[in-house]
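> quick one: sequence plus predicted model below, questions after.
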Amino acid sequence: MTKILFMGRKRLSANLLRLLSSQNGIEIVGVLTDSHLQGSPTAAAAKELGLPLYTFDTALEAMKEGRLKYDLGLSVLYWRKLRDEFLTVPRLGTINFHPALLPEYKGTGGYNLAIMDELSEWGSTAHYVDASIDTGEIIEVDRFPIDSSVETAQSLERKTMQALEPFAQRIIARAVEAQAKLPTTPNIGGRYVSRDEMEAMKQIRDGDDVEKKIRAFWFPPYDGAYVEIDGQKYTLINRQLLEEVAPKDSTSLFAGKANA
């Protein structure tokens, strides 16, 4: 029986949590998620399955007191940096699923940079967690083609989540079956982008490719690429995005394509 501490958020994490809870040979000993937010899919799944919900601090305390023991940690879009007992308690380590290519794109803003850097492929990375952020040894990178000339951050996130679910299932199955840490490659180099740096990138400045920047930072309800007027930020939108958000039954002459 492999005991797992599951850490995650969003609907994808909830789907994986339900799947793992139904599998023989796996016991979910606890769940860390965004349970403080209303409408959290992963928190709802944990409650539905009758699994213990922890906060970061209560999990850390339980590990220090020996009340929380597990073999494998799984971090699926969990947002807290792990430290102390999170790094030492699980004998099989903790696997993080990072929704970006490693080692190239560490930290936040991967979707944005994929478009800004005009990449032809994107993907997710499974790696072991160490004391820093997105720097642990790489297990595998799952790649898929993209057209960065039309993608938005929102559309790229959606495609990444679709590809990440089966990728995570496959890596987790390997880790549970192996009962040992999986082979890895070094995670050296790349670029780390903090949340503050990503926010600063959104401002439209002289010389910017405005159309590309609008797409790169389009991810409602978050602020997108913006101009600042009298100290106020105003998110920009282009024709492509207007047509995407228009009601499907819109009678506007500009929405959709006319019949031939």
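Ah, there it is.

> the helix or strand that contains Leu242: how far from the chain's middle?
Taking DSSP states H and E as the definition, Leu242 sits inside helix 239-245. Centre-to-centre, helix 239-245 and its host chain are 25 Å apart (Cα atoms, centre = their mean, to the nearest Å).

> what's the closest non-adjacent residue to Trp218?
Take Trp218 and drop its neighbours on the chain: the residue closest to it by Cβ to Cβ, 6 or more residues apart in numbering is Thr152, 4.2 Å away. The C-beta positions use only the backbone N, C-alpha and C, and glycine is treated the same way.

> whoops, Tyr226 was the one
Taking Cβ to Cβ, 6+ apart as the measure, Tyr226 lies nearest to Lys233, with 4.4 Å between them; neighbours along the chain are not counted.

> show me what that neighbour is bridged to.
Here Lys233 sits in beta bridges with Glu228, as judged by DSSP bridges.

> ok, Gly73 next?
Leu5, Thr94.

> so where's the stretch 1-150 of the chain uncertain?
Residue ranges of the stretch 1-150 of the chain with pLDDT under 70: 35-38.

> the helix or strand hosting Ala126 pairs with which strands, and in what direction?
Using DSSP H and E, Ala126 sits within strand 121-128. Strand 121-128 has the following sheet partners, assigned by DSSP bridges: strand 94-98 (antiparallel), strand 138-145 (antiparallel).

> most tightly packed of those strands?
Looking across those with neighbours counted as mean count of other Cβ atoms under 10 Å, the highest average goes to strand 94-98: a mean of 24.

> can you list the residues that contact it?
Outside strand 94-98, the residues that touch it by Cβ atoms under 8 Å, 6 or more residues apart in numbering are 5, 7, 72-78, 82, 86-87, 124-129, 134, 136, 139, 164, 167-168, 171-172, 175.

> any of these buried? List them.
Buried residues within the contacts of strand 94-98, defined by neighbour count using 16 or more other Cβ atoms under 10 Å: 5, 7, 72-78, 82, 86-87, 124-129, 134, 136, 139, 164, 167-168, 171-172, 175.

> in the longest helix anywhere in the chain, what's buried?
Looking only at the chain and at elements set by DSSP state H, the helix with the highest residue count is helix 153-178. By neighbour count on 16+ other Cβ under 10 Å, the buried set for helix 153-178 is 153-157, 159-161, 163-165, 167-168, 171-172, 175-176.

> ok, now stretch 116-126?
For stretch 116-126, a neighbour-count test (16+ other Cβ under 10 Å) marks 116, 119, 122-126 as buried.

> so what's Ala114 closest to, chain neighbours aside?
In space, not counting the residues next to it along the chain, Ala114 is nearest to Trp122; the distance is 5.1 Å by Cβ to Cβ, 6+ apart.

> next one: phi and psi at Tyr226?
Dihedral pair for Tyr226: phi -140, psi 160, per degrees, to the nearest 10.

> state the pLDDT value of it.
In the predicted model, Tyr226 carries a pLDDT score of 96.

> next one: the one 5 residues further on
pLDDT, Gly231: 91.

> just Asp249 next, same as before
Looking at Asp249, the pLDDT reads 72.
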